[in-house]
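# just to be clear, the model below is a prediction. Sequence and coordinates:
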Amino acid sequence: MAKVGIVVGSIRNNSFSQQIADNVAPLFPDGFETEFIEIANLPLYNQDYDENSPAEYTTFRDKVKSVDAVLFVTPEHNRSVPAALKNALDVASRPWGQNVWDGKPAAVISQSISGLSGFGANHHLRQTLAFLNMPIVQQPEVYLANSQDLVDGSGKITNEGTIEFLQGFVNTFVDLIKKFN
């Protein structure tokens, strides 16, 4: 069984990114387990911690090590990724030479309450993931616009076309994971 870690870039309660991730997790087929990896409790990365890491760093790194692949679902903040997500990427890639993201297949979903759909965040995240040596789903790219209209009051995506598109994306991600596991 392959385990897919899901990292949500927003740490806001009931965020649109979390709601979207909650809708995508069940789209993985039998033989794939999903697990959310929490990033909100991580102290800001500081190289001084490389010698004596906070317990939260060790727990987080161990969680990332335990998964076979990672799905990132993120909003856009100022045309980039939220600070909490960038911090998580840094924490798990340090100390130098101990990058626990290394070689793990990845996929990115970005979303925004605007019509730009998190394009900047998606591409900034892809740049970092390339440096971290994570093979990434190239196509289809997932940019979800007007996310406030995408989910209903209970957090469910109701548009069948969107669900079908996301299922195709997950299927492509599953194919990538199989190539590396």
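Arrived safely, thanks for sending.
# longest helix in this protein, please.
helix 160-180 (DSSP state H).
# just checking the distance from it to the centre of its chain.
14 Å (CA atoms, centre = their mean, to the nearest Å).
# for it, which positions count as buried?
Using 16 or more other CB atoms under 10 Å as the test for burial, helix 160-180 gives 162, 166, 169-170, 173-174, 176-177. In short, each C-beta sits where N, CA and C put it, glycine included.
# tell me which residue is most central in the protein.
Phe72 (1.1 Å; CA atoms, centre = their mean).
# can you list contacts of stretch 48-57?
Outside stretch 48-57, the residues that touch it by CB atoms under 8 Å, 6 or more residues apart in numbering are 41-43, 61, 91, 94-96.
# export that stretch to CSV, keeping only CA atoms.
Provided in CSV are the C-alpha atoms of stretch 48-57 (Å, rounded to 0.1, in the frame of the first residue of the first chain):
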residue,chain,number,x,y,z
ASP,A,48,20.6,27.3,14.9
TYR,A,49,18.2,24.4,15.4
ASP,A,50,20.2,22.1,13.1
GLU,A,51,22.2,20.9,16.0
ASN,A,52,19.3,20.5,18.4
SER,A,53,16.0,20.5,16.7
PRO,A,54,12.7,21.2,18.4
ALA,A,55,10.6,18.1,19.0
GLU,A,56,8.0,19.5,16.5
TYR,A,57,10.7,19.4,13.8
